[in-house]
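[1] Okay, predicted coordinates and the sequence, questions at the end:
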Amino acid sequence: MTEAETGTDTAAEAPRIGVFVCMCGHNIAGTVDVEAVAKMAETLPYVAFSTTTMFMCADSGQQLIKDSIKEHSLNRVVVASCSPRMHEPTFRRVVEEADVNRYLFDQVNLREHVSWCHMRQPEEATEKAKDLVRMSVARAALLESLPVKSVEVEPTALIVGGGVTGMRAALDIGDRGFNAILVEREKKLGGQIAKLASVYPTGEQGNTLADQLIKRVKTHDKIEVMTESTVTDLDGYIGNFDVTVTTNDADKTHRVGTIIVATGIQPFKPHGYYSYGDHPDIITLAELEEMRLKGDVLRPSNGKPPKTIAYIGCVASRESGVKGHEHCSRVCCTAIAKSAGELKDNADEIIILYEDLRTYGKGHEEIQREARTKHVIYSKFPPEKKPRPEIVDGELVLHWHDVFSDDNLILKPDLLVLASAMVPPEGSEDVSKVFSLTRSPDGFFNPEHVKLAPLTTHTAGVMIAGGAQAAKGAAESITDASGAAAKAVGLMARGEVEIEATVSRVIPELCSSCHTCISACPYNAIAMDESQDPPVALVTEAKCHGCGTCAAACPSSAIMMLHSTDDQILAMVEAYLCAPMEPDGGAA
Amino acid sequence: MADPVPVAMGQGSSCWGCFQSLVDIHLRLAEVLPAIEIKYWQAVADFKLHHLESYEDKSIVVGFFEGMARTEEDIHLLKLMREKCQILIAFGSCSCFGGIPGLANFSDIEECYDVKFRNNKTVEGGEVPSENLPGIASVVKPNSDFVDIDIYLPGCPPTPDLIYTAVSALLSGQPIDLPPHTVCHYCDREKKDTPIEEVLRPYQGIADPDRCLLEQGYICVGSSTWGLCEGQCVNMGSTCRGCFGPPPPITQDHGAASISMLGSYAPMEPEKIVEEVKDPLGTFWRFDYPTSHLGRMRIKREEAKEK
């Protein structure tokens, strides 16, 4: 770990705070009286300068901050503008360019937290803005300069899952000259796509497509493929992970710098839906695809080609209130259309029963149109009255209500195909534990932020791609793969990454080894330092996310959160609760 | 040998356990007694209050004050001790934090009278006595609200070893250097970092003698309690109830720290944890309710009533 101190150490100097209130065009100034906020800030303790400008993030605004730091010898900067998720990196860089440590900067969110949510209450919004600025200034006076640290990045990526997503990611990384270790738990690479008879929109066989990738992956000199293997343990932190891969009960540890989780999706076996399992001619779309891949489509009950086929969509998908089945599986509408259109060449009648149709991808609408051109019949059923298969003397009878004709209809299909939901594969729970990934209610892994930090996760250095994030088709998954690979390569190409200095720190003399923090830490960043006698808690800074849980949980105040110390937080509370003093005595 | 050091022992409302513990330094008394001159200690010698009142201000070097001050007499004695002593020690948890008598603040004074006098199970037609008795405050306030305290020696009671260490240091003019660790530091039980799935009462189940009691589900507040006891209870098989109060700085909120700790150790549904943790105030603030944030609010509410 290297340490580089940037900016002057101003901890000992008296604070000189600059407050910069941004109008964000009309976004903030349309609701909040920014001039009044800036004027109020001038009266606060340690504030040496206060101003407003149209766009603080624009070049002119950035220059204003830098010039003011020089002109007024500022050593603390408060910018009251938008969300720190948006521009904290911008303003941290700006103050650093003016020789002020990035941790002596504080941002107040006057846009998302004030003007946008209190648009119709300008007076109250202005009061809230003043409160927030007063709190930030109180905190700023107590901020301390922290060293910016960086760690080296091992130039190897681990990719978990050898489907189309994992293979694409491995190739992108390998082609850029970095090592990739591709771990797949099955015997064969290829994942779900290799089980598809026809991949939309091209119509080629899934295994043909997979085989091309498998061949390239296997012969690539930068890619190591490990099949029948699972990742069973993860230690270390961004740039320096030690992963344990278990192959046939034998463990091997690899040092990797970045990780891409591409564990994909799995078709749900819809037991309990539409008599699945009660009759041999009721099968899932995934089973139909596998059948087509092996040969002709034949009725499981008698081995004859089906003449009348019915499909049902949204099976165990989009069910409000059913945990793990509330989401749209996104691949089925197009997959049904593709499958039905192709089978129509050899069948007399094909009917698709649907609740809603969402052929949203590029070229997908055309697939549905082609199926209709071939006289595949689409019939919409109401969500509250789902189709009902009945087995009469071994024969399958399907009852449903058609919305557009408002008729109850009956069909005796030779084959009933259920387009069942795409769900996280078995073992996702273990994967989430090993990599400390959080999961959304549908069971898929969460990205760090859907819009502002896609593909990365809350575990620094670990990316997710493809079906690991949500049910999605191959085209989108592959795009994810290239994106995640680009992020991994970005980290490895730089060779070192800066890590946040806003981490927790144990004061060893006060630690009594109660282990509360170890249980509390969601990132496994705290362990007992056995080299001490008695052992005391030790934070691995590169693994710490600065969430503060340990500092709050520590019953003996032996942990402090750098950049969010108790003093700083209490100063904010006090600034909020206690109105500022009027110059001639009394409170405002 | 140097001249004996003048000392005074004052007692507010308390059980006398702390002074008992002082006597329990046992044979070491032979070493301590010749070094001190007892100027006031009603419990062991025939001193009257006017004796103490007659001394010159600050003529006594060290004063030990046991108990909390709820009656007018207690408050008078506490202030008098402060006037006469150069160093005033809050001796024991009642004196430091309000202690067990501080639990009375869960109820208002009238409710206390009901239990103690009016509806006392052992008398009929009970009345609140009023003659020849000192007045009583409506709420227990910490001693530090009345006078400045120089040294806090908590514990219910402070252990003889701790008392001997502190007294020896004082008599030799050295600062009292106490380790800041909590009870866990002294506990020999093994931690496995496993979360609690169920909160157990002491009578439930049979505890593994070698494992952390908290991890087995028994609420032990050792991790938030100053370990000047050196882990006596936990190493003998009983959970820590927190009698030494919070570790330095002892102005921390002991109960709040315990609840934060338990919150991270027991990832249970809030309703379940509320159901299973009986008497949270008495469990987490047993010895220091008057000095806690909640207890402070209670005191302020009583003060507002009086205005």
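    Nice, I can see it.
[2] Could you verify my assumption that B:Pro34 touches B:Pro4?
    Yes - B:Pro34 is in contact with B:Pro4 according to C-beta atoms under 8 Å; the separation is 6.9 Å. For glycine as for every other residue, the C-beta is placed from the backbone atoms N, C-alpha and C.
[3] which of the two has more neighbours?
    Between B:Pro34 and B:Pro4, counted using other C-beta atoms under 10 Å in any protein chain shown, the more crowded position is B:Pro4 (14 against 10).
[4] Which helix or strand contains the nearest residue to that one once chain neighbours are set aside?
    Closest residue to B:Pro4 apart from its sequence neighbours, by C-beta to C-beta, 6 or more residues apart in numbering or on different chains: B:Glu37 at 4.0 Å. Element membership for B:Glu37 (DSSP states H and E) is strand B:36-40.
[5] any idea which helix or strand comes after that strand?
    helix B:49-54.
[6] quick one: contacts of that following helix?
    B:8, B:10, B:39-40, B:77, B:80-81, B:84 (C-beta atoms under 8 Å, 6 or more residues apart in numbering or on different chains).
[7] how far off strand B:36-40 does the next helix or strand after it point, in degrees?
    Using DSSP H and E, the helix or strand that follows helix B:49-54 towards the C-terminus is strand B:60-66. Strand B:60-66 and strand B:36-40 are oriented at 60 degrees to each other (axes from the mean of the first three to the mean of the last three C-alpha atoms, to 10 degrees).
[8] Identify each buried residue in the helix or strand just after strand B:60-66, please.
    With elements assigned by DSSP H and E, the helix or strand that comes after strand B:60-66 is helix B:72-84. Residues of helix B:72-84 classed as buried by neighbour count (16 or more other C-beta atoms under 10 Å in any protein chain shown): B:73-75, B:77-78, B:80-84.
[9] For helix B:72-84, enumerate the helices and strands it packs against.
    strand B:5-11, helix B:49-54, strand B:60-66 (3 or more C-beta pairs under 8 Å, 6 or more residues apart in numbering or on different chains; DSSP states H and E).
[10] Please tabulate those in TSV, including the columns mean neighbour count and mean pLDDT.
    Putting the helices and strands packed on helix B:72-84 into TSV (neighbours: other C-beta atoms under 10 Å in any protein chain shown; pLDDT from 0 to 100) gives the following:
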stretch	mean neighbour count	mean pLDDT
strand B:5-11	22	95
helix B:49-54	13	95
strand B:60-66	25	96
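[11] want to throw the ones you listed into TSV with distance to A:Leu437?
    Below are the helices and strands packed on helix B:72-84 laid out as TSV (distance: least, C-beta to C-beta, whole Å):
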stretch	distance to A:Leu437
strand B:5-11	61
helix B:49-54	69
strand B:60-66	56
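[12] what's next to stretch A:38-50, contact-wise?
    A:14-21, A:51-52, A:68, A:71-74, A:76, A:78, A:130, A:133-134, A:137-138, A:140-141, A:580, A:583.
[13] now stretch A:397-409
    Identification of contacts with stretch A:397-409 by C-beta under 8 Å, 6+ apart yields A:310, A:353, A:379-382, A:385-391, A:410-413, A:416.
[14] among these, which are in strands?
    A:310, A:353, A:379-380, A:388-391, A:410-411, A:416 (DSSP state E).
[15] Can you turn the buried part of those into a ChimeraX selection?
    Remark: buried members of those, expressed as a ChimeraX selection using 16+ other C-beta under 10 Å:
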select /A:310,353,379,380,389,411,416
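[16] So which residues of chain B form helices?
    B:17-23, B:29-32, B:49-54, B:72-84, B:93-97, B:109-113, B:160-171, B:232-235, B:254-265, B:270-276, B:280-284, B:293-306 (DSSP state H).
[17] what residues does the stretch 451-588 of chain A put near chain B?
    A:509-510, A:512-520, A:534, A:549, A:552-557 (C-beta under 8 Å from any C-beta of the partner chain).
[18] can you do 6 Å?
    With the criterion set to C-beta under 6 Å from any C-beta of the partner chain, the stretch 451-588 of chain A comes near chain B through A:510, A:512-516, A:518-520, A:552-553, A:555-556.
[19] Farthest-apart pair in the contacts of helix B:49-54, please.
    The largest separation in the contacts of helix B:49-54, counting by C-beta to C-beta, is between B:Lys39 and B:Leu77 at 13.8 Å.
[20] List the contacts of B:Phe284.
    B:255, B:258-259 (C-beta atoms under 6 Å, 6 or more residues apart in numbering or on different chains).
[21] From B:Gly245, how far off is it?
    For B:Phe284, the distance to B:Gly245 equals 12 Å [C-beta to C-beta, to the nearest Å].
[22] Produce a ChimeraX select command limited to the buried residues of the contacts of stretch A:38-50.
    In ChimeraX syntax, the buried subset of the contacts of stretch A:38-50 is picked out as below (16+ other C-beta under 10 Å):
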select /A:15,16,17,18,19,20,21,51,52,68,74,76,78,130,133,134,137,138,140,141,580
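[23] What about A:Ser512, how many residues nearby?
    A:Ser512, neighbours per other C-beta under 10 Å, totals 29.
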